[in-house]
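A.B. asks: When you get a sec, could you give me coordinates for this:
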Amino acid sequence: MLTSQRKTLILDILRRDGQVIAKRVAEDFSLSEDTIRRDLREMAAEGLLKRVHGGAMPVSPDLPDFTQRRSVSSEIKARLGAKAAAMVKPGQMIFLDGGTTTAEIARHLPRDMPLTVATHSPTIAAELEHHATAEVILAGGRLYKHSMVATGAAAMAAISQLRPDLFFLGVTAAHPVHGLSTGDFEEAAIKRHIARCSAETHVLLTQEKFDLVSPCPVLAISEVAGLIVPAEMTDERLKPYRDLNNTIAAA
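C.D. replies: Numbers count the residues shown, from 1 in each chain. Below is the predicted model:
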């Protein structure tokens, strides 16, 4: 088996199982563990996976700050935001997570639609300044500046008083085995809490977030009502996610 073939199969295993155990792969391929470890070292150097004791895990995404993220995949984020906004019905209460993709939802909400928008992000609330028929509820707390969202006990208490019809969730990573995740423990806790308070949770995902794992789990893929993804994503790439959640909307 060629080295390139082995590496492709290792990536397939990583995507399917969420981890690679060097000893098991060596046995399956009838090769030495040293050979597999060398492959894993090379793949780690190429940024394809993260080496851990005894094997490998999916890579964690980079976490650029809020200002930098505004310029990443901006056209795709606008499409995702428009698709999500089209799901909202007059009179509903929606909760918008912090982030540059969910900001596009606020921008695409019809300006004559009466609704209530709750958020724990001051930047999201500011997007709705000129939306005449939107009632805006801003939950406060300790500001996590990286994502520009409120976290902590005060935010939790305020959110507990709400029962949104739709929660549009943002995360930094999605994986079939490890689920939806983000980079901060407190932020992950707030996201889970909002989801528990909401009737439905939908997650918006740009392509670069797929098959990655961030340190702090939020929800399993099967725990959300649906995924909103770029139309360019192939059926093959989405199949492991569709097996867990059949509601995937392309934008």
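A.B. asks: Quick one: mean pLDDT for stretch 19-31?
C.D. replies: What stretch 19-31 shows for mean pLDDT is 91.
A.B. asks: For Ile94, give me phi and psi.
C.D. replies: The phi/psi pair for Ile94 (degrees, to the nearest 10) reads phi -120, psi 150.
A.B. asks: Okay, and the beta partners of the closest residue to it other than its chain neighbours?
C.D. replies: Take Ile94 and drop its neighbours on the chain: the residue closest to it by C-beta to C-beta, 6 or more residues apart in numbering is Leu166, 4.6 Å away. (Each C-beta comes from the backbone N, C-alpha and C, glycine too.) Beta-bridge pairing of Leu166 under DSSP bridges involves Ile94, Glu200.
A.B. asks: Correct me if wrong: Leu166 contacts His202.
C.D. replies: Yes - with contact defined as C-beta atoms under 8 Å, Leu166 reaches His202; the gap is 6.6 Å.
A.B. asks: Now list whatever residues contact both of these two.
C.D. replies: Shared contacts of Leu166 and His202 (C-beta atoms under 8 Å, 6 or more residues apart in numbering): Met87.
A.B. asks: before we move on, back to that, determine the number of other residues adjacent to the residue nearest to Ile94.
C.D. replies: 21 (other C-beta atoms under 10 Å).
A.B. asks: show me the contacts for Val117.
C.D. replies: Taking C-beta under 8 Å, 6+ apart as the criterion, Val117 is in contact with 93-96, 106, 109, 124-125, 128, 131, 134-137.
A.B. asks: got it, and Leu162?
C.D. replies: Counted by C-beta under 8 Å, 6+ apart, Leu162 has contacts Met93, Phe95, Ala118, Ile137, Ala139, Cys197.
A.B. asks: Is the fourth one in contact with Leu115, as I believe?
C.D. replies: Meaning Ile137. No - in this structure, Ile137 is not within contact of Leu115 by C-beta under 8 Å, at 11.2 Å.
A.B. asks: Between the two, point out the one with more neighbours.
C.D. replies: Using other C-beta under 10 Å, the more surrounded residue of Ile137 and Leu115 is Leu115, with 21 against 17.
A.B. asks: beta partners for that one?
C.D. replies: Ala134.
A.B. asks: Could you point out the longest helix of the protein?
C.D. replies: Taking DSSP state H as the criterion, the chain has its longest helix at helix 3-17.
A.B. asks: Low-confidence stretches in the stretch 51-200 of the chain?
C.D. replies: 62-73 (pLDDT under 70).
A.B. asks: quick one: the helices in it?
C.D. replies: 66-69, 74-85, 100-108, 122-127, 153-160, 185-197 (DSSP state H, counting those that start in this stretch).
A.B. asks: can you list contacts of the third one?
C.D. replies: Under the criterion C-beta under 8 Å, 6+ apart, residues 66, 69-70, 72, 74, 77-78, 80-82, 84-86, 96, 117, 121, 123-124, 127-128, 131, 168, 170, 204, 206 lie in contact with helix 100-108.
A.B. asks: Just the buried ones from those residues?
C.D. replies: When those are checked for burial by 16 or more other C-beta atoms under 10 Å, the buried set is 66, 69, 77-78, 80-82, 84-85, 96, 117, 121, 123-124, 127-128, 131, 168, 170, 204, 206.
A.B. asks: Burial check on Glu46, number of neighbours?
C.D. replies: The tally of other residues near Glu46 (other C-beta under 10 Å) stands at 9.
A.B. asks: Look up how far Leu11 lies from it.
C.D. replies: Separation of Glu46 from Leu11 (C-beta to C-beta, to the nearest Å) stands at 11 Å.
A.B. asks: And the pLDDT at Ile13?
C.D. replies: So Ile13 comes in at 89 (pLDDT).
A.B. asks: residues contacting it?
C.D. replies: With C-beta under 8 Å, 6+ apart, Ile13 has these contacts: Val20, Val25.
A.B. asks: Repeat that for Leu166.
C.D. replies: Applying C-beta under 8 Å, 6+ apart, we find Leu166 in contact with Met87, Val88, Gln92, Ile94, Phe95, Ser198, Ala199, Glu200, Thr201, His202.
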